[in-house]
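Colleague: what shape does this take:
(one chain, ligands or ions: 2)
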Amino acid sequence: MAVYTHVSAEALSALLARYDVGALVSAKGIAEGVENSNYLVDTTAGRFILTLYEKRVDGGDLPFFLALLDHLAAKGLPVPPAIKDRQGAAIQTLEGRPACLIQFLPGVSLSSPTPTQARAAGDALGRLHAAAADFPLTRPNTMGSHTWQPLLERCGRRLDEIAPGLHDDLADAVAKLSVAWPAGLDRSLIHADLFPDNVLMLGNEITGLIDFYFACTDLRLYDLAIMHTAWCFDAQGRTFDAAIGDALIEGYGRHFPLNDDERLAFNDLAVGACIRFALSRAWDWLNTPADALVTRKDPLAYMRRLAHYDPRLLTRVKL
Ligand SMILES: Nc1ncnc2c1ncn2[C@@H]1O[C@H](COP(=O)(O)OP(=O)(O)OP(=O)(O)O)[C@@H](O)[C@H]1O
Ligand SMILES: N[C@@H](CCO)C(=O)O
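Modeller: Ligands and ions are numbered 1, 2, ... in the order given. Coordinates of the predicted model:
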């Protein structure tokens, strides 16, 4: 359960009083997610999400994320804008953290999507990239390829507490990718975390694209590669479903068909995505506060995916 910061009923009622959103009826911590604290808030006027931004979200980046959500919503994408209070402010401070009240979107996130649903999700990513093409702001990728070596060093040999050999296998993978990274591909605004849990669906329809707090400017196709690593495997990363991968690429290709260079580069981009999520999960595994209500995500599930894309990179760690 991702609740790092506890919000008292008094503080929440005082916050809601700044808005035209009715009075507090109930608030529950949301079980999913690992990055931020999220509450489902019901008021006499409707349902909202309250997000308190934690560790990896810099409050200074919030105006970028909120402007992006407004831009995409104005273009008809099913993304949840932040609600503005009576003074026109969307960013608040609650329990000492930056916080926003966000529009609630219907739908559920899928644990086992079908190819039809994956095609719709790939299509939605293509729509997102097309709609963001004239978004005027940029933001560097704070989890981009240049950050992997420093993060590896910050984790250090403690990685081997997770699994013997993990440090050296990840070090080899980071070194190889630093040479192979296809930096010359098209750049774009990317979501950078479009896992199944960040796509809300009702049947085969996409009803929500959420959690834009890693959105940044990076290689456009890297976003599709991230999705590929997140959508095509079971949660443990043991089984790969090629039909899901084909459907994602087909849906995305309706907007941005892959050219020969992109097809050649795709596997390296997926290896990069595996390194990124294996490292961030490993850091969290070693550093999550003992009292946080959060289910840590398994870094080894991403090492198994890494083994799928490039089995030569794993020589030590036992999966
Ligand atoms: N606007 C929304 N409408 C409906 N549900 C939402 C909305 N925003 C978040 N949720 C719910 O809250 C959960 C957690 O939100 P979110 O994915 O933003 O958290 P996170 O901690 O940033 O997660 P992650 O680990 O994916 O980075 C989602 O899986 C979803 O169930
Ligand atoms: N979606 C990520 C969490 C955000 O970094 C994961 O599953 O590891």
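Colleague: switch to C-alpha atoms for all contacts and neighbour counts from now on
Modeller: Will do.
Colleague: what does the chain have sitting close to ligand 1?
Modeller: Residues of the chain found near ligand 1 (Cα under 6 Å from any ligand atom) are 30, 32-36, 49, 80, 102-106, 197-198, 210-211.
Colleague: list only buried entries from these.
Modeller: Buried by 16 or more other Cα atoms under 10 Å: 30, 33-36, 49, 80, 102-105, 197-198, 210-211, out of the residues of the chain next to ligand 1.
Colleague: among those residues, which are in strands?
Modeller: 49, 102-103 (DSSP state E).
Colleague: okay if I get these as JSON lines plus distance to ligand 2 and pLDDT?
Modeller: Formatted as JSON lines, these follow (distance: Cα to the nearest ligand atom, whole Å; pLDDT from 0 to 100):
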{"residue": "Ile49", "distance to ligand 2": "18", "pLDDT": "98"}
{"residue": "Ile102", "distance to ligand 2": "19", "pLDDT": "98"}
{"residue": "Gln103", "distance to ligand 2": "21", "pLDDT": "97"}
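Colleague: between those residues, which is closest to Arg18?
Modeller: The closest of these to Arg18 turns out to be Ile102 (Cα to Cα; 14.2 Å).
Colleague: and the pLDDT for the spatially most central residue of the chain?
Modeller: Centroid-nearest residue in the chain: Asp193, 2.5 Å away (criterion: Cα atoms, centre = their mean). With respect to pLDDT, Asp193 has a value of 98.
Colleague: could you pull out the strands for this structure?
Modeller: For the chain, the strands defined by DSSP E occupy 24-29, 37-43, 46-52, 92-94, 97-103, 187-190, 199-202, 205-209, 216-219.
Colleague: next, the angle strand 37-43 makes with the third one.
Modeller: With axes from the mean of the first three to the mean of the last three Cα atoms, to 10 degrees defining the directions, strand 46-52 sits at 160 degrees from strand 37-43.
Colleague: for strand 46-52, list the C-alpha coordinates in CSV.
Modeller: C-alpha atoms of strand 46-52 as CSV (Å, rounded to 0.1, in the frame of the first residue of the first chain):
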residue,chain,number,x,y,z
GLY,A,46,-18.1,13.5,-6.0
ARG,A,47,-14.9,11.4,-6.0
PHE,A,48,-11.3,12.6,-6.2
ILE,A,49,-7.7,11.4,-6.0
LEU,A,50,-5.5,13.2,-3.5
THR,A,51,-1.8,12.7,-4.3
LEU,A,52,1.1,13.7,-1.9
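Colleague: give me the residues contacting that strand.
Modeller: 5, 21-22, 36-42, 94, 97-104 (Cα atoms under 8 Å, 6 or more residues apart in numbering).
Colleague: report the distance from it to the chain centre.
Modeller: With Cα atoms, centre = their mean, to the nearest Å as the basis, strand 46-52 stands 18 Å off its chain's centre.
Colleague: please apply the same query to stretch 207-219.
Modeller: For stretch 207-219 - counting by Cα atoms, centre = their mean - the centre lies 7 Å from the chain centre.
Colleague: who's in contact with that stretch?
Modeller: The contact list for stretch 207-219 (Cα under 8 Å, 6+ apart) reads 57, 65, 69, 77-80, 105-107, 138-144, 183, 185-193, 198-201.
Colleague: rerun at 6 Å
Modeller: 78-79, 107, 138-141, 186-192, 198-201 (Cα atoms under 6 Å, 6 or more residues apart in numbering).
Colleague: mean confidence for it?
Modeller: For stretch 207-219, mean pLDDT rounds to 97.
Colleague: repeat for stretch 227-244
Modeller: Regarding stretch 227-244, the rounded mean pLDDT is 98.
Colleague: what about that stretch and ligand 2, touching?
Modeller: No - if you take Cα under 6 Å from any ligand atom as the test, stretch 227-244 misses ligand 2, and the best it gets is 7.6 Å.
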